[in-house]
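> any chance you can model this:
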Amino acid sequence: MDSSDKRRRANRGLIVGLLAMTAGSFAFGWALVPLYDVFCRVAGIGNAEAKAGRSDAHEAVDSNREITIEFVADPASVGSFDFRPKTVSMRIHPGKLYDTAFYAKNLTAVASVAQAVPSISPGVAAQYFHKTECFCFSPQRFGVGEGRDMPVRFIVDPGLPSNVDKITLAYTFYDTTQSAAGR
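Model prediction:
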């Protein structure tokens, strides 16, 4: 076997390898979106069904079951904000869309930015509590002395375990003015 045959054989191997890598890259790119959706569902990230308005949510209302939802507000930065729920609690039917609001007022003498961090308890209820609109999704900017109602829209999935009859939605409200200024 001479050197030209060795070179052809090596080139064929290289071409086959490159074609296999191209086909594998294409297959990976094609499968990436479904794999990402599966990852998000397993990890509990996103909540695409609730954000899309879940057309079946209103059809699956469990009118035979009532759950108490308690709302708690905690201003983490003492003296920076007045922060409280507009409604302390409500009785709801799983599967139905509900609205509530929290009130926040900047108590400082400068424009401020705040971010709310939610917490749901008991922990098992978190995967069944779907916020479709929430002030916690993005930082909130407040002028000097500005106060306003901030909406929360949610659905509790009818699949919530039957032993859960009370859910607490708590927000800690952090003054993030310093970190927002650094961006």
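> wait, a strand at Thr132?
Yes - the assignment for Thr132 is a strand, going by DSSP: H, G, I helix; E, B strand; the rest coil.
> tell me how far it lies from Pro151.
Look at Thr132 and Pro151: by C-beta to C-beta, to the nearest Å, they are 10 Å apart. Every residue, glycine included, has its C-beta placed from N, CA and C.
> the more surrounded of the two?
Neighbour count, other C-beta atoms under 10 Å: between Thr132 and Pro151, Thr132 has more, with 19 against 12.
> can you pull the pLDDT of the more buried one?
Per-residue pLDDT puts Thr132 at 92.
> with Asn11 instead?
89.
> Lys105 now?
The score at Lys105 is 93. That number is its pLDDT.
> number of nearby residues for it?
Residues near Lys105, counting by other C-beta under 10 Å, number 13.
> bridging residues for it?
Beta-bridge partners of Lys105, counted by DSSP bridges, are Asp82, Gly147.
> so what's Gly17 up against?
Not one residue lies near Gly17 by C-beta atoms under 8 Å, 6 or more residues apart in numbering.
> so how far is Thr100 from Glu133?
Taken as C-beta to C-beta, the span from Glu133 to Thr100 is 11 Å.
> who's more crowded, those two?
Between Glu133 and Thr100, Thr100 has the larger neighbour count (other C-beta under 10 Å), namely 20 against 15.
> flag the shaky bits of the chain, pLDDT-wise.
1, 32-33, 35-59, 77-79, 179-183 (pLDDT under 70).
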